[in-house]
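Colleague: fold the following and give me the result.
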Amino acid sequence: MQKTDFKKEMKAFYQPSAKEFAIVDVPAMRFLMVDGKGDPRSAQSYEEAIAALYSVSYPLKFASKKQLARDYVVPPLEGLWWADDMMAFVEDRRDDWKWTMMIMVPDWIAPSMIDEAVEAAKAKKDLPALTLLRHEMFEEGRCVQILHIGPYSEEGPVLARLHDEFMPANGLTYNGRHHEIYLGDPRKTAPEKLKTVLRQPVRAV
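Modeller: The predicted structure follows:
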């Protein structure tokens, strides 16, 4: 049975250059999503959101393999980030950060399969964020992105180049929330080797 790996099938979106910014048109994709607020390093709500997403994503993979004979690698964790006052990011006021954590779901997975996976997860263990989990289509359209290699704390200079240099030079402005795709597991990967796709939806000025 062939196993689909979306990081390889959709290289333009999951494997950008680490040297140059790229403009891409991201198609609509369906995601499992959980919204929350707080410091990702310490907020219990963040930990619960991640647990809920994976508790549904892996049973979906196994159900797809068993019921549909279609296997796939569970896509990477992704996050949308914003704040009511965006200075919260500049000033590192993490308790004010808002986020939507999400994992992509293949288009061949029926909504009923997602509902079944959620109910199965509820029956196995106490996962508070399951009540917040939803699945919906998400379409960003035109975006600028780059691969950041290194600690999350060192993204600042890359984002400054994106926001202050590349976007103005190309007649672009913001058209959505800051988006990160986590290709490495911080629990298993040295900080200097972490790989993160940094993406910003844009539109012409």
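Colleague: going forward, measure contacts and count neighbours with C-alpha atoms only.
Modeller: Noted.
Colleague: distance of V90 relative to E119?
Modeller: When distance is defined by C-alpha to C-alpha, to the nearest Å, V90 is 40 Å away from E119.
Colleague: same check on Y58?
Modeller: For Y58, the distance to E119 - C-alpha to C-alpha - is 13 Å.
Colleague: need the contact list for F166.
Modeller: F21 (C-alpha atoms under 8 Å, 6 or more residues apart in numbering).
Colleague: ranges for the strands of the protein?
Modeller: Along the chain, counting by DSSP state E, strands occupy 3-4, 22-26, 29-37, 71-72, 77-82, 98-105, 134-138, 141-149, 172-174, 178-182, 195-204.
Colleague: can you put those strands in a markdown table and add mean neighbour count, distance to F166 and mean pLDDT?
Modeller: A markdown table is the format used below for the strands of the chain (neighbours: other C-alpha atoms under 10 Å; distance: least, C-alpha to C-alpha, whole Å; pLDDT from 0 to 100):
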| stretch | mean neighbour count | distance to F166 | mean pLDDT |
| --- | --- | --- | --- |
| strand 3-4 | 13 | 34 | 95 |
| strand 22-26 | 16 | 10 | 97 |
| strand 29-37 | 20 | 26 | 97 |
| strand 71-72 | 18 | 35 | 97 |
| strand 77-82 | 18 | 20 | 96 |
| strand 98-105 | 22 | 25 | 98 |
| strand 134-138 | 14 | 25 | 96 |
| strand 141-149 | 21 | 9 | 97 |
| strand 172-174 | 16 | 8 | 96 |
| strand 178-182 | 20 | 15 | 97 |
| strand 195-204 | 21 | 11 | 97 |
